[in-house]
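Participant: quick one, what's the 3D model for this:
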Amino acid sequence: MKKTLICSLVFFIFFMWSLNAQVSASEEYIVEKNDTLWDISSRKLDDYFLWPKLWNVNPHIENPDLIYPGTKIFIPSREELMHIPALPTREIPAARKQKIKKSESKSVWKYAPVMEKKHIIDKSLFIASGWIADTYPSIGEILSSPTNQQMTSKNDIVYIKLPESLSPEDPALILSGNEDPVSKKRFFVIRDIKIVKHPVSGKKIGHQIRIAGILEVIGMDENLIKAKITDSFEDVRIGDGLLPYQELEAPLIPETVRTPNNQGYIIESHMNSFLVSKGNVVFLDKGENDGLKVGDVFTVLREQPAESPIGKIQIVSLQPSTSGAVILQNFQELKIGSKWGQP
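Facilitator: So this is what the prediction gives:
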């Protein structure tokens with residue numbers, strides 16, 4: 001009897017110790033200078049790729065790229081976080097809410113009934129960044145402006161040239177609106193930036209196409225088609241091309257992040273800077289035909305003096321043989337010609 005009592009007491013003490021250890025695995029953390037969710041996830045959870053889930057359990061953080069010193073964040077245990085969906089779409093069970101409510105800690109971990117899905121990249125940057133194409137796809141041109149300006153911007157009026165007929169059967173010509181063939185149609189303003197060549201092999205890749213803005217046809221001025229610039233991401237210039245508008249949505253953070261074994265090189269940047277850093281968009285020499293998918297994450301590698309990680313990128317757009325990616329993190333400035341893959 002005495003032996004049984006001692007065993008029960010030992011079991012009870014072990015159980016309470018285990019329970020206390022699980023509770024203490026969760027913690028509040030005060031953001032310090034130069035912290036990122038990426039770094040915090042690595043240090044506290046031993047996994048870079050848990051940062052989207054860490055973001056989701058801290059809904060007071062609106063932008064994961066903008067966290068400030070002094071901000072409190074709640075960090076669950078790694079095991080607990082692994083069971084939380086990256087993009088929750090239903091209400092958290094009542095029992096879970098009660099557990100949090102009874103906690104003595106003044107935690108900032110508060111769940112909303114439905115959490116907003118979050119995007120990998122800002123929508124305007126996603127649209128403006130453009131793509132690399134085999135040919136320049138323009139179907140029209142900005143001819144002039146009533147004030148003879150060479151550079152225009154949002155709300156300015158311009159005159160444009162369009163083909164005589166825009167066939168709705170052509171899949172490349174996706175027009176908005178159902179009125180007459182020209183009035184109230186919208187177009188992307190596009191620019192043929194340069195011919196992109198591979199920084200290592202020297203092989204021609206294609207035309208870098210950037211979207212400078214969006215315009216809408218508002219009528220005729222004598223024999224000229226008149227349009228208003230409704231959005232501009234940079235200066236809209238006389239001579240820029242036109243492409244029929246279609247709605248574009250920035251990609252969402254995937255619930256499960258893929259890290260496939262592809263590798264290649266950064267071949268160009270959105271704004272043609274040789275050195276790039278966090279938040280910039282870059283273009284890669286692999287695309288959909290190589291098995292890449294939007295949301296895939298790769299490591300940028302320094303090759304000399306020894307191969308080592310210097311940044312992280314995530315795919316945001318795909319073409320058959322190229323892709324666009326946003327820089328999530330960099331430990332030094334990345335450059336055109338940097339290698340990417342998995343460490």
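Participant: neighbours of the closest residue to residue 26 other than its chain neighbours, just the number please.
Facilitator: Using CB to CB, 6 or more residues apart in numbering and skipping the chain neighbours, the partner closest in space to residue 26 is residue 76 (5.0 Å). Backbone N, C-alpha and C define where each C-beta goes, glycine included. Using other CB atoms under 10 Å, residue 76 has 21 other residues around it.
Participant: for residue 76, grab phi and psi.
Facilitator: For residue 76, the backbone dihedrals (degrees, to the nearest 10) come out as phi -70, psi 170.
Participant: again, but for the one 3 residues further on
Facilitator: For residue 79, the backbone dihedrals (degrees, to the nearest 10) come out as phi -60, psi -40.
Participant: residue 340: neighbour count?
Facilitator: There are 23 residues near residue 340, going by other CB under 10 Å.
Participant: is it in a bridge, and if so with what?
Facilitator: Residue 340 has these beta-bridge partners by DSSP bridges: residue 264, residue 300.
Participant: which is the next helix or strand following the worst-scoring helix or strand of the chain on mean pLDDT?
Facilitator: Counting by mean pLDDT, DSSP states H and E, the chain has its least confident helix or strand at helix 94-102, which shows a mean of 42. Of the helices and strands lying after helix 94-102 in sequence (DSSP states H and E), the nearest is helix 123-129.
Participant: now the next helix or strand after that next one, how far from the centre of its chain.
Facilitator: The helix or strand immediately downstream of helix 123-129 is strand 131-133, counting by DSSP H and E. Per CA atoms, centre = their mean, to the nearest Å, the displacement of strand 131-133 from the mean C-alpha position of its chain is 17 Å.
Participant: list the buried ones in the helix or strand just after strand 131-133?
Facilitator: Downstream of strand 131-133, the first helix or strand assigned by DSSP H and E is strand 140-144. Applying a neighbour-count criterion of 16 or more other CB atoms under 10 Å, one finds 140, 142, 144 buried in strand 140-144.
Participant: and what of stretch 60-70?
Facilitator: 61, 64, 67.
Participant: which SS class is residue 305?
Facilitator: Taken by DSSP: H, G, I helix; E, B strand; the rest coil, the conformation at residue 305 corresponds to coil.
Participant: can you get me a residue count around it?
Facilitator: Residues lying near residue 305 (other CB under 10 Å) number 6.
Participant: hmm, back to that, now secondary structure and distance to residue 133 too, for the buried residues of stretch 60-70, in CSV please.
Facilitator: Formatted as CSV, these follow (DSSP: H, G, I helix; E, B strand; the rest coil; distance: CB to CB, whole Å):
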residue, secondary structure, distance to residue 133
61, coil, 37
64, coil, 31
67, coil, 37
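Participant: now, among the residues you listed, which is nearest to residue 190?
Facilitator: residue 64 (30.3 Å; CB to CB).
Participant: show me where the stretch 201-343 of the chain has its strands.
Facilitator: With DSSP state E, counting those that start in this stretch as the criterion, the stretch 201-343 of the chain has strands at 204-221, 224-232, 236-237, 241-244, 264-269, 275-276, 281-284, 297-302, 308-318, 323-330, 334-335, 339-341.
Participant: of these, which is nearest residue 160?
Facilitator: Per CB to CB, nearest to residue 160 of those: strand 224-232, 5.1 Å.
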